[in-house]
Structures are given as structure tokens and as C-alpha cells.
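Asker: Requesting a structural model of the entry that follows:
(3 chains, ligands or ions: 2)
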Amino acid sequence: MAATKGEKLLEVSGLSMDFGGLRAIDNIGFELFAGEIVALIGPNGAGKTTVFNCITGIYEPTMGDVTIHPPGGTCRRINGMKPNSITSLGMARTFQNIRLFPAMTVLENVMIGRHCRTGSTIIDAILSSRRSRREEKETVDKSYRLLQKVGLADVADEFSRNLSYGAQRRLEIARALATDPFLLLLDEPAAGMNPQETHELDELIVRIRAEEQVAILLIEHDMKLVMNISDRIYVMEYGKEIAQGTPREIKENPKVIEAYLGEEVHA
Amino acid sequence: MDFEYLFELLCSGVVKGSIYALIALGYTMVYGIIQLINFAHGEVYMIGAFVAFIVTGVLTLSGHSGLTVLLLAALAAVIYAAAYGYTLEKIAYRPLRNAPRLSPLISAIGASIFLMNFVQLVQTPDFLPFPELISDFDFMEPISRYLSSVDLIILIVTTVTMIALTVLIKYTRTGKAMRATQQDMIMARLSGINVDRVISATFIIGSVLAAIAGVLIASRTGQINSAIGFTAGLKAFTAAVLGGIGNIPGAVLGGLVLGIAETLGAGYISSAYEDVFAFGLLVLILTLRPSGLLGKAVKQKV
Amino acid sequence: MAHFKRSLGIGLWFMFLTLPLMVVRVNTISREVEWRWYNLAWAGLCAFVIAWFWQFSIERRTARRAQVAANPHPAVEKLSLVQRLADDPVLSRRLLAVAAVVAIIFPWLVSTGQNFYHVNVMVSALIFVVLGLGLNITVGLAGLLDLGYIAFFAVGAYTYALLSKNFDLGFWTCLPLGGLMSMLFGVILGFPILRLRGDYLAIVTLGFASITKIVLENWDTLFGGAAGIANIPRPEFFGMALDSRQKSVYTYYIVLALVAVTIFVTNRLKNSRAGRAWMALREDEIASVAMGVDMARTKLSAYALGAFWAGLVGVVFAAHNNFINPDSFTFMDSAMILAMVVLGGMGSILGVIIAALALKLLPEYLRAFAEYRMLVFGAVMVLMMIFRPQGLINNMRRKYEYDTAQGGKDNGGN
Ligand SMILES: Nc1ncnc2c1ncn2[C@@H]1O[C@H](COP(=O)(O)OP(=O)(O)OP(=O)(O)O)[C@@H](O)[C@H]1O
Ligand SMILES: [Mg+2]
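Answerer: Ligands and ions are numbered 1, 2, ... in the order given. This is a model prediction of the structure:
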């Protein structure tokens, strides 16, 4: 399902989300093309995670359109679709507050990602049918390969709750990749990592884009990481989009500097 | 259409509903703060009724009678229910404050089974007659068909109790702390509220209300046993959900709606299926409008 | 010393708590008050001792958690003896073989002549083993707290009773029908309610079970009302006439086979695509759906499958007892099955079997215990949640076989 570079993958327009009286995001619009790493930044509470939740079907947006163009597939409006259907269409995410399956092993966590790409039924499992055996082997192999990619192969049989913070974040990435996405949404993947880990993550994300042929939409507070790897950046504040552009443009945008009190952007 | 009959049913429904409401308040307050279905709440209500029964028994057998006995019994019931509610929270729920969501619920179910069987063992599994301590008021004579003297007292007591509760929650320090904790437990703790104490207070208040309900219902039905807490608890929980769990006026509304629906169903269709109407209503409301009549749908933060 | 003082305080507090209930008993018939002061001493003493242990255990629990937090990768995890046995594949396989042999020759060991009391007891216990394993799918694996599980058991039992009575259908025809009927009930009920949050689900299932029982009690013409249905035929054996001992032994083997099948199926499912999806939903619903798990369908399958086992074994129950009435299907029975799953360790097959046998056989052979059993079950559920939420036997973690050399380069951990 490799997309050719430059093809449009995701288009968001007029997206708004209300919580009771609070408008958490207001008329957000952006797009994303194949092969890109795009960052979504903004101060705490700007509404970045809410954008992710609206795109991935966790929330149904109050207004606006989210349209995806799966490579080789037909374009679809996905608002109001169930999260699992959206994932099957090829978008997968990680969570800001890590949401792994703590009592399952690291490998099993990744194997869950294969759920929507396999189809053995309960009957298959009980009879241990050929299909179920084949899929099971494929699932294990693919999952293990992803663990190798994110550097967690040697802890494959540990319970995921026993991993360090940084390792848990990488496990979330592997789990999301297991769903064969064309677009990967990362919500603050570097949060809680030390500089060394962040640096490795930087390389990992770039490598994933190349090897897995996914586009990446990234929320991140670590400006060094963002400026290093993103092709384009959208900036949000109080639910509104205040700027967009290349890292260089964003660094020099007075609105952005103001929003960040002129500190972090230059970090 | 027989309007007198309808009116009779409505009155009885309101009386019943106001008792459900009293118990439902305990569920709703606890749920509002720690998101736990306090499954053992019905047992606290039952224990309140039992303590009242024991006190009235001892006093009447030593020759006292009348409203004073009932007041003393109610006082004892309230004190003991509060003590049980407080202890219950400390033992069965507090150690599980950060556990997975189902753990405290299973613990609550265990506590409920334990208390029910405890009372059954140390007292009796049989039904016990609860003495009639409220003599009929003369002025109630003309409308006794609709409302007995006990019913009148129930309505007065529940109204007064609910007003007191509202005042307590709106204006006292404890009440404000409770509302703050309900909004956001972490923020409440950061701003210096002793959350543990607030939770204890919530359990105590809920238990007091349940004990009052226990005494009232025992005087109305004239009998108690160790299993009354289970059904009453389930119904009161239904009432709480019906009104929107966590919502205090909702619990009262839910109680009344449930009481009326149940009496109407029993009166017009079949009294054997009375509980079916209540649980049917529960299933219906939860599937159609899980946030209840007055509750707001909240989206879980992700 | 601090412990001593606190325990003393707690002892006194419990003496106060239990004062009216344990000391005073009003006999309304003879119009006397019975004062049982000795109970007060007991209450105080027990509370004192328990409080002592309690504080000690809580301290230990806190210490252990701090240790785990400080060092999340223990080189050698400390495991209980049972746990080590259960984790050791060779040893556990041998134990399993021994257990299987004992189970098979059991009727010949314990029944002599016409004395087959023990066989009947074992049949009842094994019925609950199947129930425990069935509920284990719903609660233990999929995390759906079902407080009305006994209703599915009732559906199976009444299906057989009615079909055999009204249509003369035999046991073997009704066995799958009972299971399917329960499953159908599970699907119809589950469809609207499985969207609910876990705790609401618990209450609704409880309400559903109550409704079922009330309907059974009141619909006399169809279900025989509170009196129930009598003269339900026992399982037939190729048309041969069996005496009652042979019938019991025969039923024993039927349930035993059912237990074996349940274990086999649960085991297969645990390490399958469906089983992993159940566990994932149990652990985190939002993460599961975000990873592409269809919540409604997955939950429904766990719920219906659990119901299926209950229905199946309900048929056996009706056939074994000859007689059923609504009293066999109370909330306390649901609670007891739940206690088995909780005690055994959610998701652990061996744990559930041991717990089910213990909870069913202890009251049978220790009559003194029978009186207190629900009290004990209640206390055990609370204590397990606090001190050993993983149950007696931890759900064993599955190690998958994978080819470490294959594909991608391994950067190693951090
Ligand atoms: N489920 C919800 N219910 C009510 N309010 C919500 C909910 N989710 C988010 N909000 C509110 O919406 C606003 C945006 O939140 P969001 O989590 O999207 O911010 P964010 O940009 O991701 O911030 P951060 O950098 O801290 O992660 C906040 O004010 C938040 O309180
Ligand atoms: Mg965020």
C-alpha cells in the first residue's frame, strides 16, 4: 500500500469540538501528504490531543470534516466512524498518557495491533484450523520484527507494565505500526524521556517513515525534536490554529514566539 | 377510569419513591466522588433497620412505647449505620483507591454478602415483626385511604432530610469540600482538602440517610429481615441511575419516578411482577440514556 | 507497640460496632430479650487479632509495591510454590496426568454398592467447575463483570426440563439446544447492554437475573412456578436401563467430559486472536478500539460463549437433579461462581478449578463450615481484592515461539 510521495492522505477542515460549554478546538484545518512528518504544536491545553481524538474516532467532532485518502483506496469522510473502523482504514495512534495492556506481555501488546489485519474466528481457534495457525505465525513474526525495530526484542516476554517509561512509549509505536497504517499519529512520544532516549527516538521516527512507508503526524513539546524532523508544522493555541509553515518559518513567526513566551522555540 | 384508585397508587408511589430517594442519595454521593457503586449500601440500610428493631424491642419489652421509642431507635440506627458505613469504606474500599476499576466493585459485592450473612447468623434469617409505634393521627382520618399517618411522617421526614442535605452540601465547609472533590479529586487535594476525610464524610452522610430510610420503611411495612437490603439497594441504585448518577436532585427525581412506576405497574398489571418493572426500567434507561434523566453525558478524557 | 495500640483500638471499635447485633437478640414470639455478652468478647478478640495481621499485611503490600516500582525487572521473581508448580511445564503436565487418572477412576474409588453419595457430590462440584470456567471467559478473560450468570444456567436447565416434558426430547438432543438457547439469550441481552461501562453492566446483569427468577417463579403454567418442574429424565444410555448408582456414575463421566472440553476450549482461546482481544478489552477499552478491536462484537462473543457453557451445564444439572425450581438460581449462586473466578485468579484455568472444587466441596464435607460459607466467601472476595488481586494462581503468561534471527536489525534495549 505504499503511497507515492506527495499524494494527499488526510484532509481536515472546519474541525470543531465542544465539551459542554467549552470549545476545545475551533475551526481547525490542515492536510497531510504522503511521506511527510508533520508536527502539531502548541501550549498545554491548546487542543492538540483533542484533534487526535476527533481524527481517530474517539470523539465525534461537533463540526467539520475529516477526509482520508488511503493510498490505492477511495477517499472517505470518516467523522463519526468507530475508532476500530478508522484503524482498519489505515490510521493508527499512540496515546499521550500511555495506554498499554499492562497485564499482557510486550509481544502480545503488539500482536493486538494485528487484530484488524487478521480474521480467524473463535471456531478457527478451537479447531486450530490451518488459517488460524498460519495467521498466528504471521502475527508473531511480524510483531517480533516490529519489536526489533523499536529495540524491544529482548523484553518481548516481559509484562508491559514492567517496562521503563521510554520503552513503553516505543512499545506504543510498535503496537500502532502493527496495524499496517499509512498514517501514524504520535501524541507526545518523547514525554518523560531523557535526552539520550529522545535522541534515539528522533532517529527511530525518521527510520520508521522510511522503512514502513508511513506519513507521521506528531504532537510534541520537545522543540528540538520537532524542529529536527518535521517537514511542516501547525501551531495551535486555545483551540485555534495560529500558524503553519516549515520549521524555519515557525521559529521566526512572532505569533508563535508570543504563544511560547519566546523561550522554547529557540531551544 | 377509576381516578380514586389511580390517586391512591400515586400517593403510595410517592411515599415509596421518597424512601428510594433517601437510599439513592447515598449511592449517588459516593459514586460522584469515587466512581464506585457502593454495593454494600443496601446492607447499611438493613443494619440501620435492624439496630432500630433491636432498640425498640428492648425498650418495648421493658414497658416503654410511643414516639420516643421510635426516636431513640432512629438515633441508634443512625449512629450505627454511620459507624458501619465509615468502617466499610476504611476496610473494603480505601486500600483499593488506585486499583483497577472492577476491584473495588468486587470488594463491595463481597462486603455486601458478608454483612448480609453476618446479620443473618448473629440474628435470624426469618422475618421479624417491627412494632407499630406511630399511632394514627385523628386529622388523617378523612384521607387515610390515600395516606396513612406513617406515610405522612415518611414524607415529612424525607423532605426535611433532603433540605438538610442540600443546606449541608451548599453551605458548610464539608459540603464545599465534597463538591470540590467531586469536580476534581487531584485539584482538591492540591488545594489542601483532606480528600480521605471528605470520602469518609460522604460515606457517613450516605449511611445516615440510609438508616433513616431503614427505620421509615420498617415502620411502614411492619417487618424486616436480613435480605431487605439487597432488593432495596438494587432499587435505590436504579433510582440513582435513573436520575443520573452523581447528581443529587437526580437521585430524588429518580426515586420518585421509580416509586410511581413500580406502584402503577403493580396496581394495574400484576403485583407479582413489581420488581420486574423496576429492573426493566433500569435496563431501559441504561441502554437508552445511560447518563440518566438529569445527568450530563461526560466524555472520558483520553 | 504502635501496632498493638492500634489493634487494641480497632478491637474496641468492633466491640462497639457489633454490640447491638451480636449481643442482643429480641425474641418477638416469647417476648424475651436474649443477652449474649460472650459474643462481645469474641468480637473484640477476633478484631484485635485480625487488625494485627491486617496492618502487618498492608505494610508488606506497600513495601512490595515500592520494591517493584524501584526495580521493575526483578532478576528472579519470587513466586509461591503453587505458582512455580503451575509454571513448570513438565511438572504440571505430570500433575495433570495424575489428576486426570484420579478423576477417571474416582467413582470406583469412592462408591461401594449402593453408596454413591460421594459421586453425586462430585457431580455437583464439577457442574460448578464448568460454571466457574464459563464465567472465567466472561469475567476473567474479557473483564465483563456478569452478576447474573446463574440466569444462563437456569435457561439451560429449564430448556431441558421443558423440552423433555413437552416434546419428549432426549438428553443428548437437549444438551446442545440448552447451550444454544442460553447463547441466544446472551446475544439478545448482550446486544443492548454491552456498550455499558463495566460497573453498570454488573448491575444490569444482576437485574436481568432477578427478572429471570421472578418470571420463573410467577409463570406457573409454563415454568411450574415456585414449585418448579419435577420428574426430569436422567441422561439415557443407548436405551439401556441403568440403576440409580449407574446413572450417577454415568452423569459423573458426562460432566467430567464437559470439564475436559471446557478446559480444552478455554486453553485454545486464551492464546488466540479472539482471546487476546478479550484480554485487551479487559485491560483498556479505548486502547483496544484504537488498535482496531471491534468492541461490540468482541464483547458479545465472550458474553455469549460464557452463556453457552452455563446453558450446557444447566441441562446436565436438570438431568442430574431430576427436579428444578427457581431456588437454585439465586443471586447468591451467581456470587459464588464469581467468588470462584476471583479466588482462582481471573483468567487462570487451574486456579478456577481448584477454587470451584474447594468452594463446593468444603461446605459439603465440613458441615460446620456450611453455615458460615457465604460469610467466608464475602470476606474472601474483599481480602483477595486487597491482598492478592491476581488470585491464588496467576494467569500464566504465554511465551510465543519466534525466530530471533529474522528480519530487521536489533538495536537492543536502551
Ligand atoms: N473529555 C473532555 N471533557 C472535557 N474537557 C476536555 C476533554 N478533553 C479535553 N478537554 C479540554 O479541552 C482542552 C484541550 O485539551 P487537550 O488535551 O486537547 O490539550 P493538549 O493540547 O493536548 O494539551 P497538552 O499539551 O497538555 O496535552 C483542555 O482545556 C481540556 O481540559
Ligand atoms: Mg495532549
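
Asker: CA only for contacts and neighbour counts going forward, please
Answerer: Noted.

Asker: Name the residues that touch the one helix or strand C:Gly190 maps to?
Answerer: Following DSSP states H and E, one finds C:Gly190 within helix C:171-193. The contact list for helix C:171-193 (CA atoms under 8 Å, 6 or more residues apart in numbering or on different chains) reads B:283, B:286-287, C:152-153, C:155-157, C:159-160, C:163-164, C:201, C:204, C:233-236, C:296, C:300, C:303-316, C:319.

Asker: in terms of contact, does B:Ala227 touch B:Phe118 like I think?
Answerer: No: B:Ala227 lies out of contact with B:Phe118 (CA atoms under 8 Å); the separation is 11.1 Å.

Asker: Can you show me the strands along chain A?
Answerer: Along chain A, counting by DSSP state E, strands occupy A:8-19, A:22-33, A:37-41, A:63-68, A:76-77, A:91-93, A:183-187, A:215-219, A:232-237, A:240-245.

Asker: hmm, who's touching the third one?
Answerer: Yep, that's strand A:37-41 we're talking about. Here strand A:37-41 has contacts from A:32, A:48, A:209, A:215-221, A:226, A:229-236, using CA under 8 Å, 6+ apart.

Asker: biggest helix in the chain by residues?
Answerer: Went with chain A since none was named. For chain A, the helix with the greatest residue count under DSSP state H is helix A:130-150.

Asker: The chain in question should be chain C.
Answerer: helix C:37-70.

Asker: And for chain B?
Answerer: Longest helix in chain B, counting by DSSP H: helix B:3-34.

Asker: which is the next helix or strand following it?
Answerer: helix B:41-61.

Asker: what's the angle between that next one and helix B:3-34?
Answerer: Using axes from the mean of the first three to the mean of the last three CA atoms, to 10 degrees, one finds that helix B:41-61 and helix B:3-34 are set 120 degrees apart in direction.

Asker: Helix B:41-61 close to chain C?
Answerer: Yes: Helix B:41-61 reaches chain C (CA under 8 Å from any CA of the partner chain) through B:Phe50, B:Val51, B:Ile54, B:Gly57, B:Val58, B:Leu61.

Asker: Now do the helix or strand that that helix is followed by: everything it contacts.
Answerer: Going down the chain from helix B:41-61, the next helix or strand is helix B:67-88, by DSSP H and E. Here helix B:67-88 makes contact (CA under 8 Å, 6+ apart) with B:41, B:44-45, B:47-53, B:55-56, B:59-60, B:111, B:133-134, B:200-201, B:203-212, B:215, C:17.

Asker: Same question for stretch B:222-232.
Answerer: Counting by CA under 8 Å, 6+ apart, B:20, B:41-46, B:49-50, B:116-117, B:119-120, B:124-132, B:218 sit against stretch B:222-232.

Asker: Return it as PDB; C-alpha atoms alone will do.
Answerer: Output of stretch B:222-232 as PDB, limited to C-alpha atoms (Å, rounded to 0.1, in the frame of the first residue of the first chain):
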ATOM      1  CA  GLY B 222     -44.000  -3.700  59.800                       C
ATOM      2  CA  GLN B 223     -41.400  -6.300  59.200                       C
ATOM      3  CA  ILE B 224     -37.700  -6.700  58.500                       C
ATOM      4  CA  ASN B 225     -35.200  -9.400  57.700                       C
ATOM      5  CA  SER B 226     -31.600  -9.600  56.700                       C
ATOM      6  CA  ALA B 227     -32.300  -9.700  53.000                       C
ATOM      7  CA  ILE B 228     -34.200  -6.400  52.700                       C
ATOM      8  CA  GLY B 229     -31.000  -4.500  51.900                       C
ATOM      9  CA  PHE B 230     -30.400  -6.400  48.800                       C
ATOM     10  CA  THR B 231     -33.500  -5.600  46.900                       C
ATOM     11  CA  ALA B 232     -33.900  -2.100  48.300                       C
END
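
Asker: Centre of the chain to it, how far?
Answerer: Remark: stretch B:222-232 is offset 12 Å from the chain centroid, using CA atoms, centre = their mean, to the nearest Å.

Asker: Could you identify the buried members of the contacts of helix C:171-193?
Answerer: Buried by 16 or more other CA atoms under 10 Å in any protein chain shown: B:283, B:286-287, C:152-153, C:155-157, C:159-160, C:163-164, C:201, C:204, C:233-236, C:300, C:303-316, C:319, out of the contacts of helix C:171-193.

Asker: Contacts only, for B:Gln183.
Answerer: Residues counted as contacts of B:Gln183 (CA under 8 Å, 6+ apart): none.

Asker: what's the neighbour count on residue 42?
Answerer: As the question left the chain open, I've gone with chain A. For A:Gly42, the count of nearby residues is 25 (other CA atoms under 10 Å in any protein chain shown).

Asker: please go with chain C instead
Answerer: 14.

Asker: try B:Lys301
Answerer: Per other CA under 10 Å, the neighbour tally for B:Lys301 reads 9.

Asker: now do B:Lys299
Answerer: 10.

Asker: So it versus A:Pro61, what's the distance?
Answerer: To A:Pro61, B:Lys299 is 12 Å away according to CA to CA, to the nearest Å.

Asker: and the residue in the stretch 1-150 of chain A that chain C sits nearest to, what is it in contact with?
Answerer: The stretch 1-150 of chain A approaches chain C most closely through A:Asn84 (3.8 Å), counting by CA to the nearest CA. By CA under 8 Å, 6+ apart, A:Asn84 lies in contact with A:Cys116, C:Val289, C:Ala290, C:Met291, C:Gly292, C:Val293, C:Asp294.

Asker: and chain B, which of the residues you listed reach it?
Answerer: Among the contacts of A:Asn84, proximity to chain B is found for none (CA under 8 Å from any CA).

Asker: okay, and for chain B, where does confidence drop off?
Answerer: B:1 (pLDDT under 70).

Asker: Can you give me every residue that contacts B:Val198?
Answerer: B:Thr174, B:Ala177, B:Met178, B:Thr181.

Asker: Kindly report the same for A:Thr56.
Answerer: Contacts of A:Thr56 by CA under 8 Å, 6+ apart are A:Pro83, A:Ile86, A:Thr87, A:Met91, A:Ala92, A:Arg93, C:Ala290.

Asker: Tabulate those residues in a markdown table, adding columns for pLDDT.
Answerer: Output for those, formatted as a markdown table (pLDDT from 0 to 100):
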| residue | pLDDT |
| --- | --- |
| A:Pro83 | 93 |
| A:Ile86 | 93 |
| A:Thr87 | 94 |
| A:Met91 | 93 |
| A:Ala92 | 94 |
| A:Arg93 | 95 |
| C:Ala290 | 94 |
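
Asker: ok, of these, which come out buried?
Answerer: Buried among those (16+ other CA under 10 Å): A:Pro83, A:Ile86, A:Thr87, A:Met91, A:Ala92, A:Arg93, C:Ala290.

Asker: isn't A:His79 right next to A:Asp65, touching?
Answerer: Rather than His, residue A:79 is Asn. Yes: with contacts counted by CA under 8 Å, A:Asn79 reaches A:Asp65, the gap being 6.5 Å.
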